[in-house]
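>>> Just the structure for this:
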Amino acid sequence: MARMRKSNPLSRFLAPPGMAELYDGAASGWQAGIDRLGFDAAYENLTNCALTYQPIKSAERILDAGAGTGAAARMFATQSGRSDCQFDLLDPSKEMLAQAVQNIRGTTRAVFGALGEPALAQQQYDRVLCAHVIEHCPDPQAQINWLFRRLHPNGTAVFAISKPHWCTALVRWRWGNSSFHPTLVRGMLETAGFTNIEICRHPSGPPSRVSCGYLARRPT
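Numbers count the residues shown, from 1 in each chain. Got it, this is the predicted structure:
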């Protein structure tokens, strides 16, 4: 009788094969590229929405899940005007992480790995940032559930997630990401346990066509 192969319980969280290498190769020009496409401005608008939704407290612990070069965390640190926050920067690309640590004002800790990283299994944060990561995950609901558990009660999550558009198809051809209609994203957030969900649409440019922002809270 053939022996059954045990499944890897972390398989839902593992980055797709070759993704880290792909992003390592793109790291040197990544920040300039997203600035050129208008994502820096989109993250600024999303950050301002997030700070209105949940004003920042002193010395917050913040997880940037899928930090890349730290664009979302850098914008949050800048717009909040605080330098006493602790940012844990999680990413499967070492080249991206190296840049992120240099780009953010405040205390940072680089964590090499993907969403579901066991080293963070017992960690909880005041705020979670997750910009354009869920759509690259093998099981988006599992990743959203994991991020929910990383928050303290009354902690908030800030997402930017690709949405369907013909421009998104061009991005998918290059990067292999999925896209989700805002109604579907809202449903996934509710399934994870999030409440007070708000949609923050990017105001202009390519981000307004290919992406959407979301704010959500882990209830007390």
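
>>> Pull the number of nearby residues for residue 163.
Residue 163: 19 surrounding residues under other C-beta atoms under 10 Å. Glycine gets a C-beta too; all of them are placed from N, C-alpha and C.

>>> Residue 56 versus that one, what's the distance?
Separation of residue 163 from residue 56 (C-beta to C-beta, to the nearest Å): 27 Å.

>>> now swap in residue 214 and tell me
Distance of residue 214 to residue 56, given as C-beta to C-beta: 18 Å.

>>> Between the two, which is the more surrounded one?
Higher neighbour count among residue 214 and residue 56: residue 214, with 25 against 18, using other C-beta under 10 Å.

>>> Per-residue pLDDT of that one, please?
On the pLDDT scale, residue 214 is placed at 98.

>>> which residues touch it?
By C-beta atoms under 8 Å, 6 or more residues apart in numbering, the residues touching residue 214 are 157-161, 182, 185-186, 189, 197-200.

>>> Nearest residue to it in space, please, no chain neighbours.
In space, and not counting its chain neighbours, residue 214 is closest to residue 159: 4.2 Å by C-beta to C-beta, 6 or more residues apart in numbering.

>>> Narrow the contacts of residue 214 to those that are buried.
Taking 16 or more other C-beta atoms under 10 Å as the criterion, what is buried in the contacts of residue 214 is 157-161, 182, 185-186, 189, 197, 200.

>>> and the closest residue to residue 43 other than its chain neighbours, what helix or strand is that in?
Distances taken as C-beta to C-beta, 6+ apart put residue 75 closest to residue 43, at 4.4 Å, once the chain neighbours are dropped. Secondary structure assignment for residue 75, by DSSP states H and E: helix 71-80.

>>> thinking again about what came up before, in terms of distance to residue 220, which of the buried ones among the contacts of residue 214 ranks first?
Lowest distance from residue 220 to these (C-beta to C-beta) belongs to residue 157, with 14.9 Å.

>>> pretty sure that closest one is in a helix, no?
No: Residue 157 is assigned strand when assessed by DSSP: H, G, I helix; E, B strand; the rest coil, not a helix.

>>> Tell me which residues touch it, please.
By C-beta under 8 Å, 6+ apart, the contact set of residue 157 is 127-130, 147-148, 151, 194, 214-218.

>>> Let's see that with 10 Å instead.
By C-beta atoms under 10 Å, 6 or more residues apart in numbering, the residues touching residue 157 are 50, 54, 63, 65, 125, 127-130, 144, 147-148, 150-151, 189, 192, 194, 197, 214-218.

>>> Please indicate which of those are buried?
Looks like those have 50, 54, 63, 65, 125, 127-130, 144, 147-148, 150-151, 189, 192, 194, 197, 214-218 buried, using 16+ other C-beta under 10 Å.

>>> picking that back up, how about TSV for the buried ones among the contacts of residue 214, with secondary structure, pLDDT and distance to residue 93 added?
Putting the buried ones among the contacts of residue 214 into TSV (DSSP: H, G, I helix; E, B strand; the rest coil; pLDDT from 0 to 100; distance: C-beta to C-beta, whole Å) gives the following:
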residue	secondary structure	pLDDT	distance to residue 93
157	strand	98	22
158	strand	98	21
159	strand	98	20
160	strand	96	18
161	strand	95	19
182	helix	96	28
185	helix	97	24
186	helix	98	29
189	helix	98	26
197	strand	98	29
200	strand	96	26
